[in-house]
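[1] sequence first, then the predicted structure:
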Amino acid sequence: MRKIINKSPSRLIDMEFNIPLFNAQNQMYVCTNVKEVKTTPGGKDYNISLSEVKRGYSVPENIEVDLFIPTDGGALAQVKMLEIRKGGFTQLGKIIIDKAALSTLEGLKKVFREIVKSM
């Protein structure tokens, strides 16, 4: 398990992740953008944009993962996955997890799979 040494979220850009939406077990998504949406006294909100790597499955072309990571000593992070479409979005799933799960690339991959399982 590779620890994220460079703490900049932009390090995820161009990385590919397996996100098996709608039983497309081998579906890959590439991270196209990571941005800090806002900072509050309780934590930070991040938005991770992902685009499908064409595989022939009927899956959402673009998804976003919204993360709320507490900075006030809280141990639980909130993760939402959204399908992005012209004119709006649909929430695909939402989970609450230990924020330590987001500190490694392997942990982030597991979080993506867990949110898909929660749908």
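    Happy to help now that I have it.
[2] secondary structure class for the residue nearest to Leu92 when sequence neighbours are not counted?
    Take Leu92 and drop its neighbours on the chain: the residue closest to it by Cβ to Cβ, 6 or more residues apart in numbering is Met81, 4.5 Å away. To be clear about C-beta, it is placed using only N, CA and C from the backbone, and glycine gets the same treatment. The three-state assignment at Met81 reads strand, by DSSP: H, G, I helix; E, B strand; the rest coil.
[3] give me the below-cutoff pLDDT ranges for the protein.
    Along the chain, the parts satisfying pLDDT under 70 run over 1-8.
[4] quick one: the helices in it?
    Under the criterion DSSP state H, the chain contains helices at 105-117.
[5] find the residue at the geometric middle of it.
    The residue lying closest to the centre of the chain (Cα atoms, centre = their mean) is Val65, at 3.8 Å.
[6] against Pro41, how distant is that residue?
    For Val65, the distance to Pro41 equals 23 Å [Cβ to Cβ, to the nearest Å].
[7] does the residue nearest to Leu92 touch Val65 like I think?
    Yes: counting by Cβ atoms under 8 Å, Met81 touches Val65, with 5.4 Å between them.
[8] intersection of neighbour lists for those two?
    Phe112, Ile115 (Cβ atoms under 8 Å, 6 or more residues apart in numbering).
[9] ok, which stretches of this protein are strands?
    For the chain, applying DSSP state E gives strands covering 16-18, 28-40, 43-53, 62-70, 76-85, 88-98.
[10] for Leu108, find the nearest of the ones you listed.
    Among the strands of the chain, strand 16-18 comes nearest to Leu108, with 7.6 Å by Cβ to Cβ.
[11] give me the contacts around the closest one.
    If you take Cβ under 8 Å, 6+ apart as the criterion, strand 16-18 is touched by Asn26, Gln27, Met28, Tyr29, Val30, Cys31, Leu50, Val53, Leu108, Lys109, Phe112, Arg113.
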